[in-house]
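Q: build me a structure from this.
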Amino acid sequence: MKLQQLRYFCEVARQGLSISEAAAALHTSQPGVSKQLRLLEEEFGVALFTRNRNRVIELTAAGAELLIVAQRMLDDGEALQRMARDFRSDKSGSLTVVTTHTQARYALPAVIKQFSARYPAVRLNVRQGTPSQIWQAVADGEADLAIASEARSTPPGLVMLRCYELPRIVLTPPGHPLLRRKMLTLEALAAYPIITYDEEFIGHSKLQRAFEARGLAPNLVLNAIDTDVIKAYVEQGIGIAIVAKLAFDAKRDRALRALDAGRLFESNTVYLGFRRNNYLRRYAFEFIEMLVPHLNRKTVQAAIAAAGAAPAA
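A: Here you go, the predicted structure:
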């Protein structure tokens, strides 16, 4: 049984049992993948796939069990390679971080500047997406670290650590009637068109629940994933916005006014996550601590150890 065969097997499963797509992802030929799968089944002694003629339909019970162990073996093999690179040189390499627009735009710039100054030889990649895309990218090994709110459905095999809370504010244009109110209420907000984050972001559902608990139906005229887009529409007078407090800078956002809405809406929790079996290099731990000082290396390693002791999901 060869690691290459296990890699082909796991990639076929990851590509929805499409051998052609797996071959393309592996930069090899479809017949080559099929041959290796047949050899793996012969060595394993049982069928790993249910087939209809030459088409793979589903994993057998044995195939599903093998997939769990095979993926773990591949993860461990990759971790060993990362560990070897760390011992050879802990000052160079790459780090891929996937996060939301709000975090990339407002939380990360200072951290990236500090990290790049300390590790100029490390290639830092920052990608953006929705929470579900972010967590899936880390689970698939396409990114090292995720920084996002919890998705409605989070893939198994991840270590997720609480970073910080994001309280809410309401943005309005200057001179808006809400600015003259002594106390901000949900009833007052519901009287105006509201712009907020796209439904994919978990914070949106929390906003909805707050209004529904008071029997209110807010007029949500626009959803967006980009806070800067939301601000632009508020500036145009299309509506008021409910966004993360992190995203407002009084010096930069001179065409807007902010009202504290922390009393009205539940804060959104931001998590940092990574694959449980992924070996984090030394500079990755430092990046985490630069972003969230309470998540030092000792704390993160303790969380990894605790996750490793727990039964696999």
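Q: how distant is the longest helix along the chain from the center of its chain?
A: Criterion DSSP state H: the longest helix present in the chain is helix 61-88. With CA atoms, centre = their mean, to the nearest Å as the basis, helix 61-88 stands 21 Å off its chain's centre.
Q: using CSV, write out every CA atom in the helix or strand following it.
A: The helix or strand immediately downstream of helix 61-88 is strand 93-99, counting by DSSP states H and E. Taking Å, rounded to 0.1, in the frame of the first residue of the first chain, the C-alpha atoms of strand 93-99 are listed here in CSV:
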residue,chain,number,x,y,z
GLY,A,93,8.2,29.3,4.0
SER,A,94,4.6,30.3,3.4
LEU,A,95,1.5,31.0,5.4
THR,A,96,-2.0,31.1,3.9
VAL,A,97,-4.7,32.9,5.9
VAL,A,98,-8.4,32.8,4.8
THR,A,99,-10.8,35.3,6.3
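Q: can you give the strand pairings for strand 93-99, parallel or anti for each?
A: Using DSSP bridges, strand 93-99 pairs in its sheet with strand 122-128 (parallel), strand 145-149 (parallel).
Q: please identify the most buried of those.
A: Ranked by mean neighbour count, the strands paired with strand 93-99 are led by strand 145-149 with a mean of 26 (mean count of other CB atoms under 10 Å). Bear in mind the C-beta positions are built from the backbone N, C-alpha and C, glycine included.
Q: which positions in the next helix or strand along the chain from that one come out as buried?
A: Downstream of strand 145-149, the first helix or strand assigned by DSSP H and E is strand 158-166. By neighbour count on 16 or more other CB atoms under 10 Å, the buried set for strand 158-166 is 158-161, 163-164, 166.
Q: next one: stretch 262-274
A: Across stretch 262-274, burial judged by 16+ other CB under 10 Å covers 264-265, 268, 270-274.
Q: got the contact list for it?
A: If you take CB atoms under 8 Å, 6 or more residues apart in numbering as the criterion, stretch 262-274 is touched by 103, 135, 138, 144-150, 158-169, 184-186, 189, 202-203, 206-207, 209-210, 242, 244-245, 280, 288, 291-292, 295.
Q: try 7 Å this time
A: Contacts with stretch 262-274, where a contact means CB atoms under 7 Å, 6 or more residues apart in numbering, come from 103, 135, 138, 144-150, 158-168, 184, 186, 202-203, 206-207, 210, 244, 280, 288, 292, 295.
Q: ok, stretch 291-309 next?
A: Residues outside stretch 291-309 that contact it (CB under 7 Å, 6+ apart) are 111, 159, 161, 163-164, 272, 276, 285, 288-289.
Q: farthest-apart pair in those, please.
A: Put simply, by CB to CB the two of the contacts of stretch 291-309 set farthest apart are Val111 and Arg276, 23.7 Å from each other.
Q: and the pLDDT for Pro311?
A: In this prediction, Pro311 carries a pLDDT score of 40.
Q: pretty sure Ala139 contacts Gly157?
A: Yes. Assessed by CB atoms under 7 Å, Ala139 is found in contact with Gly157 at 6.2 Å.
Q: which neighbours do these two share?
A: What both Ala139 and Gly157 touch, as defined by CB under 7 Å, 6+ apart, is the set Arg275.
Q: average model confidence for the longest helix of the chain?
A: Helix 61-88 shows a mean pLDDT of 75.
Q: now the angle from it to strand 93-99?
A: Relative orientation of helix 61-88 versus strand 93-99 (axes from the mean of the first three to the mean of the last three CA atoms, to 10 degrees): 120 degrees.
Q: just checking, what packs against helix 61-88?
A: Packing partners of helix 61-88 (3 or more CB pairs under 7 Å, 6 or more residues apart in numbering; DSSP states H and E): helix 3-14.
Q: what's the following helix or strand after the helix it packs on?
A: Following helix 3-14 in sequence, per DSSP H and E, is helix 19-26.
Q: for the helix or strand following that next one, what is the distance to the chain centroid?
A: Note on helix 19-26: by DSSP H and E, the next helix or strand toward the C-terminus is helix 30-44. Mean C-alpha position of helix 30-44 versus that of the full chain (CA atoms, centre = their mean) differs by 34 Å.
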